[in-house]
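Q: Just need the structure, nothing else, for what follows:
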Amino acid sequence: MVNERRRYPRDDALQVAERLRALLAPACERIEVAGSIRRNKPDVGDIELLCIPRYDLAVGFFGDRVRTDCLSSLILTLITQDKLRYRLNSKGSSTFGPLNKLLIDVASGIPLDVFCTDARNWGMALVVRTGPAEFNVRMMTRFRQQAMAGHAYAGVRAANGEELDCPDEATVFRLLGWQYAPPEERT
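A: Next comes the predicted model:
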């Protein structure tokens, strides 16, 4: 028997995504809805949010200054308030790290993937997290054809090893030598 993931109407998922984005925004420098919602698919399997977390300095146990991830702290608070719940990955374990957080919105039951990046790699992360997978495969193949390397977390590396800034999607498309395509046209 094939295990098929539940699908949710885009409009319903978008309302939940916007509610979650507003809830998490105070803990982010930047936050955007990605994935199939952003591609305007009629139904979606989950909500994907791409974030640049905000960091604060706090006083540590020994009086030292400690950098705290405001987004992770807020999400942990929402878990204790039973607004979000941990979700298991395909291997049956929890994924809650600095870059990926697999969750469930308790009120709607819709799976939520929170992905984190930085301003330097925002564009590359947004392209990858918007997808679809087939587009991402073509994009990575094109980078390799140009002796470059692309990665959702590491951005783009030039043939000489230099890390290239990808602050927006237009930069990624320019590096590919492709004309910019809006999310709904990425097939």
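
Q: So which bits of the helix or strand containing residue 139 are buried?
A: Using DSSP states H and E, the element containing residue 139 is helix 133-145. Buried residues in helix 133-145, counted by 16 or more other Cβ atoms under 10 Å: 135, 136, 139, 140, 143. Just so you know, the C-beta spots here come from the backbone N, C-alpha and C atoms, and that holds for glycine as well.

Q: export those residues to JSON lines and tack on pLDDT?
A: Formatted as JSON lines, the buried residues of helix 133-145 follow (pLDDT from 0 to 100):
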{"residue": "135", "pLDDT": "97"}
{"residue": "136", "pLDDT": "96"}
{"residue": "139", "pLDDT": "96"}
{"residue": "140", "pLDDT": "96"}
{"residue": "143", "pLDDT": "96"}
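
Q: Redo these as CSV? Include distance to residue 118.
A: Converted to CSV, the buried residues of helix 133-145 look like this (distance: Cβ to Cβ, whole Å):
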residue, distance to residue 118
135, 23
136, 20
139, 20
140, 20
143, 19
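
Q: ok, so of those residues, who is nearest residue 86?
A: Of all the buried residues of helix 133-145, residue 86 sits closest to residue 136, with 26.0 Å by Cβ to Cβ.

Q: my read: the closest one touches residue 126, true?
A: No. Residue 136 is beyond contact range of residue 126, at 11.8 Å (criterion: Cβ atoms under 8 Å).

Q: would residue 73 count as being in a strand?
A: No. Counting by DSSP: H, G, I helix; E, B strand; the rest coil, residue 73 is not part of a strand but helix.

Q: For the nearest residue to it once chain neighbours are set aside, give its distance to residue 62.
A: Leaving aside its sequence neighbours, residue 73 sits nearest to residue 27 (Cβ to Cβ, 6 or more residues apart in numbering; 7.1 Å). Applying Cβ to Cβ, to the nearest Å, the value for residue 27 to residue 62 is 25 Å.
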